[in-house]
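Asks: 3D, please:
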Amino acid sequence: MGNADLRQLAVLDEVPFEELEGSVVAVDVHNWLYKYLTTTVRWTGDDVYTTADGTEVANLVGVVQGLPKFFEHDLTPVFVWDGGVTELKEEEIEERREERAEREQRLEEAREAGDHLEAARLDSQTQRLTDTIHETTRELFDLLDVPQVEAPAEGEAQASYMARVDEAVDYAGSDDYDCLLLGSPLTLRQLTSKGDPEVMDFQATLDKHDLTWEQLVDVGILCGTDFNEGIDGFGPKTALSAVREHGDLWGVLDAEGEYVDYGDRIRELFLDPDVTDDYEIHTDISPDVEAAREYVTETWNIPADEVARGFERIEESVTQTGLDQWT
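Replies: Here you go, the predicted model:
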């Protein structure tokens, strides 16, 4: 998820949806989907999204609730899926597994105690993107004709790369501050929140702090990333001052007598990540709403009233002015 402390350095501005109309957004699907998945689980009874054999598909409710925001504002989402896990990230993932196991134990205790509110909160925090969630989300996206891209590694890296080099892509879409370190020129944040999103501006951030891209990455490494713990006592402002004084990560580490394991490799993960140009995207979206509704409510037995408004919003949006290509 990146280091949220980088918000202290990032240049961010709220932007009205009206100014984004017609844009293409490469969305880090894991980041986007997880927000809707956890919200659905927390505020919806598990009988709504659990099949007779115990399979949970809360993602289908979340997708139907989340997609209309793009369609209603004439935004074309291109959902970018994570590929293989970067080796240096395995330790962080193992830590997340341990944390999830602890929460699952607390969840059982809350259920046994009859604390339904606490159980719902903990249940939302223990969600993970299962194989079924991956498969059913992809199938629903296909029915709604939403473009999808398979990244070779990190989805946010691929989305950032597409926003940087693909003239057809206007923004990366993610709440992950790593997009800043990955050089996404413009990143749309808060796409899952109420109200207008905000734009994180890469070049404006470099200009504001008189940094190069490499130096910005060095600041991130000193603070801590998904791939390293960071140096004790270094927040964004301290790291910024240190990089300005000593020039780069290596100068700071020498001056402080510190060491970052695999520092050069971590640097390259941001400056030259594993990405691909082998993809195709289309903007002439033609969603088959009826087939999607049938898939959600009949194939997976989600109660129709739970997704009715979401599908109505999608249907209404395809006939709005400016969305004629979807009719």
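Asks: in the stretch 101-250 of the chain, where is pLDDT below threshold?
Replies: 101-128 (pLDDT under 70).
Asks: buried residues in stretch 20-31, which are they?
Replies: Within stretch 20-31, the residues scored as buried using 16 or more other C-beta atoms under 10 Å are Leu20, Ser23, Val24, Val25, Ala26, Val27, Asp28, Val29, His30, Asn31. All C-beta spots, glycine's among them, are computed from the backbone N, C-alpha and C.
Asks: reformat these as TSV; add pLDDT.
Replies: Shown next, in TSV, are the buried residues of stretch 20-31 (pLDDT from 0 to 100):
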residue	pLDDT
Leu20	97
Ser23	97
Val24	98
Val25	98
Ala26	98
Val27	98
Asp28	96
Val29	95
His30	93
Asn31	91
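Asks: for the stretch 51-200 of the chain, which segments count as strands?
Replies: Taking DSSP state E, counting those that start in this stretch as the test, the strands found in the stretch 51-200 of the chain are 76-81, 148-150, 171-173, 186-189, 198-201.
Asks: centre of the chain to the last one, how far?
Replies: The reference is to strand 198-201. 14 Å (C-alpha atoms, centre = their mean, to the nearest Å).
Asks: which neighbouring elements make contact with that strand?
Replies: strand 11-14, strand 186-189 (3 or more C-beta pairs under 8 Å, 6 or more residues apart in numbering; DSSP states H and E).
Asks: how does this structure divide into domains?
Replies: Under the assignment automatic domain parsing, the domains of the chain span 4-204, 210-271.
Asks: quick one: closest of those domains to Ile314.
Replies: Proximity to Ile314, assessed across these by C-beta to C-beta, is greatest for domain 4-204 (5.5 Å).
Asks: if we can go back for a sec, so which of the buried residues of stretch 20-31 are in helices?
Replies: Mapping the buried residues of stretch 20-31 onto helices (DSSP state H) picks out Val29, His30, Asn31.
Asks: what's the closest of the residues you listed to Ser286?
Replies: Nearest to Ser286 among those, counting by C-beta to C-beta, is Val29 at 20.4 Å.
Asks: I figured that closest one hits Val78, correct?
Replies: No: shown here, Val29 and Val78 do not form a contact pair, counting by C-beta atoms under 8 Å, at 9.3 Å.
Asks: so what sits against both of these two?
Replies: Residues touching both Val29 and Val78 (C-beta atoms under 8 Å, 6 or more residues apart in numbering) are Gln148.
Asks: if we can go back for a sec, hey, which of the strands of the stretch 51-200 of the chain is tucked in deepest?
Replies: Among the strands of the stretch 51-200 of the chain, strand 171-173 has the highest mean neighbour count (mean count of other C-beta atoms under 10 Å), at a mean of 32.
Asks: what sits up against it?
Replies: So strand 171-173 is contacted by 20, 23-28, 32, 77, 156, 159-160, 162-163, 179, 184, 186-188, 191, 199 (C-beta under 8 Å, 6+ apart).
Asks: pull up the pairing partners for that strand, direction included.
Replies: strand 24-28 (parallel), strand 186-189 (parallel) (DSSP bridges).
Asks: okay if I get those strands as JSON lines plus distance to Ile285?
Replies: Converted to JSON lines, the strands paired with strand 171-173 look like this (distance: least, C-beta to C-beta, whole Å):
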{"stretch": "strand 24-28", "distance to Ile285": "11"}
{"stretch": "strand 186-189", "distance to Ile285": "18"}
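Asks: and Leu269, which of these is closest to it?
Replies: Nearest of the strands paired with strand 171-173 (C-beta to C-beta): strand 24-28, 15.5 Å.
Asks: ok, Pro197 touching Glu18?
Replies: No: here Pro197 does not reach Glu18: they are 11.9 Å apart, not a contact under C-beta under 8 Å.
Asks: ok, the two, which is more surrounded?
Replies: Between Pro197 and Glu18, Pro197 has the larger neighbour count (other C-beta atoms under 10 Å), namely 24 against 9.
Asks: for Val149, see how far away that one is.
Replies: 21 Å (C-beta to C-beta, to the nearest Å).
Asks: okay, helices next: where are they in the stretch 51-200 of the chain?
Replies: For the stretch 51-200 of the chain, applying DSSP state H, counting those that start in this stretch gives helices covering 58-72, 90-112, 116-125, 131-143, 155-165, 178-181.
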